[in-house]
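K.L.:
Sequence below, structure please.
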Amino acid sequence: MKLQKLLFILFLSVLTTSAVAQTESQLRRKKEAIQREIEQLQKNLNKTANGKKLTIQQINTINAQIRLRQDKIGTINSEIKNLDNQISQNTNTVHTLQGQLGDLKKEYAGMIRFAQRNRNSYDKMMFIFASKDFNQAYKRIKYLQQFSQYRKKQAGYIESTKQDLDGKIKVLDKTLREKSDLLKEQEKERERLSKDKSKQAVELNKLSKDEKQFRQDISSRKKQQAQIDRAISAAIQRAIEEARRKAAEEARRKAAEEARIAAAKAKAENKPAPATPPTPTAKAKSTSELLTATPETARLSAGFENNRGRLPWPVATGTITERFGLHKLDQASYTNDGVDITTTDGAAVRAVFAGKVAAVQVMMGRTVVLINHGEYFTVYQNLKSVSVSVGNSVDTKQTIGVVANTGDDAVLKFQIRRGQAALNPEAWISK
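P.N.:
From the prediction side, this is the model:
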């Protein structure tokens, strides 16, 4: 029973260690990915000369850097919490193994003392020959053999338990060192976060001094974006009207086919031909019904929706430096119908899902690509070159162009829309 209990404890320990190792690996990968994003943002900031005019993009980059630094600290906290759990579990296992080892040693010592005391009292051969019959003699031989084997097994159990105990103590020491390293790393990240916040305060102070200039910049940005958003809405409306036209044509085709069948039936029955029915009026359909009217578009919509939270990023590497929704800078404000993703110079822009290119438009020297996914649309704004044209079918992760530089950074403006309604892309792309 003691041996079974010991093996059960060791089995649970192995399972727990495996699960913790997997979680640690995931957290480590997440932390490394965050660090890569922070370093890329820092490179972008370093490219800006000290005396250069402050831009909205710079402020967004600093804010994103702070957010990432906070995420990294949170990830380190999760690592420390996992290590604390692992330390607690390993400590309990060590105590259990120590207790089991003590019990095994006591039991083994008792067996040795028993054998020593009875060494001269019982001669093995006399013990066997004193049996009443052959059956009893056989049982006594088996007893002596089993007693000897059990002593050897007990010695093996003691050695095995001691090795497991030594191994767990080494793991515990290693975990404690890892926790110490993580605490040091956490402290460094807190210092860096403090510096980033100080930098943010300095830049926001500059913004207050240049309030008039920033108001003009934001006003100009809002006008440009409004013009682009109108073009996007018009392109989406054209796609809706095209779907409506096709639905009306299909209704007319069905009505004509029904009329032809009715006329043929009347002729076969020598009856007068039925009156020509009036041109059917298509039943009013919602935008959703129009955009998912065919099996192909219905499948695209369903596939897009089923991948909510798992869509690939429109660039291979990047950081969201401006989020969806309303933004305020000092007294000025503006709305972003998507997200701004800062990436590397010359980064390829990829379709996040299979679909058909609905529009390719050049506005203010930058290209906008609109891809239709049934009821959904994705918008890729601020491209310097494109490799697709209207009507092309694209696959998931297919390159559609190259991102352009905005000021000092390569920034892709990315939107997701359901019909005309703008959705938050962060809820749709993978974390």
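K.L.:
Residue 399 - how many residues pack around it?
P.N.:
13 (other Cβ atoms under 10 Å). From N, CA and C alone the C-beta is placed, and that goes for glycine too.
K.L.:
ranges for the strands of the protein?
P.N.:
319-322, 325-329, 332-336, 339-343, 348-350, 355-363, 366-373, 376-386, 393-394, 399-403, 405-406, 409-418, 421-423 (DSSP state E).
K.L.:
Let's have those in CSV, adding mean pLDDT.
P.N.:
Formatted as CSV, the strands of the chain follow (pLDDT from 0 to 100):
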stretch, mean pLDDT
strand 319-322, 89
strand 325-329, 79
strand 332-336, 78
strand 339-343, 92
strand 348-350, 96
strand 355-363, 91
strand 366-373, 92
strand 376-386, 94
strand 393-394, 94
strand 399-403, 95
strand 405-406, 75
strand 409-418, 91
strand 421-423, 93
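K.L.:
Pull the number of nearby residues for residue 233.
P.N.:
13.
K.L.:
Make JSON lines out of the strands of the chain and add distance to residue 42.
P.N.:
Listed next are those as JSON lines, based on distance: least, Cβ to Cβ, whole Å:
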{"stretch": "strand 319-322", "distance to residue 42": "11"}
{"stretch": "strand 325-329", "distance to residue 42": "22"}
{"stretch": "strand 332-336", "distance to residue 42": "23"}
{"stretch": "strand 339-343", "distance to residue 42": "12"}
{"stretch": "strand 348-350", "distance to residue 42": "23"}
{"stretch": "strand 355-363", "distance to residue 42": "31"}
{"stretch": "strand 366-373", "distance to residue 42": "26"}
{"stretch": "strand 376-386", "distance to residue 42": "22"}
{"stretch": "strand 393-394", "distance to residue 42": "34"}
{"stretch": "strand 399-403", "distance to residue 42": "19"}
{"stretch": "strand 405-406", "distance to residue 42": "17"}
{"stretch": "strand 409-418", "distance to residue 42": "12"}
{"stretch": "strand 421-423", "distance to residue 42": "31"}
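K.L.:
Residue 296: which of those is closest?
P.N.:
strand 355-363 (9.3 Å; Cβ to Cβ).
K.L.:
What are the contacting residues of the closest one?
P.N.:
Contacts to strand 355-363, defined as Cβ atoms under 8 Å, 6 or more residues apart in numbering, come from residues 227-228, 231-232, 235-236, 238-239, 300, 304, 367-374, 377-378, 386, 388-394, 400.
K.L.:
Would you enumerate the residues in contact with residue 403?
P.N.:
The neighbours of residue 403, taking Cβ under 8 Å, 6+ apart as the test, are 315, 343, 346, 347, 348, 349, 382, 383, 384, 410, 411, 412.
K.L.:
what's the answer for residue 79, then?
P.N.:
Counting by Cβ under 8 Å, 6+ apart, residue 79 has contacts 24, 27, 28, 31, 182.
K.L.:
Would you state the predicted confidence (pLDDT) at it?
P.N.:
Per-residue pLDDT puts residue 79 at 79.
K.L.:
what's the answer for residue 407, then?
P.N.:
On the pLDDT scale, residue 407 is placed at 64.
K.L.:
again with residue 218
P.N.:
69.
K.L.:
next one: residue 337
P.N.:
91.
K.L.:
residues touching it, list them.
P.N.:
If a contact means Cβ under 8 Å, 6+ apart, then residue 337 has 229, 324, 415, 422 as its contacts.
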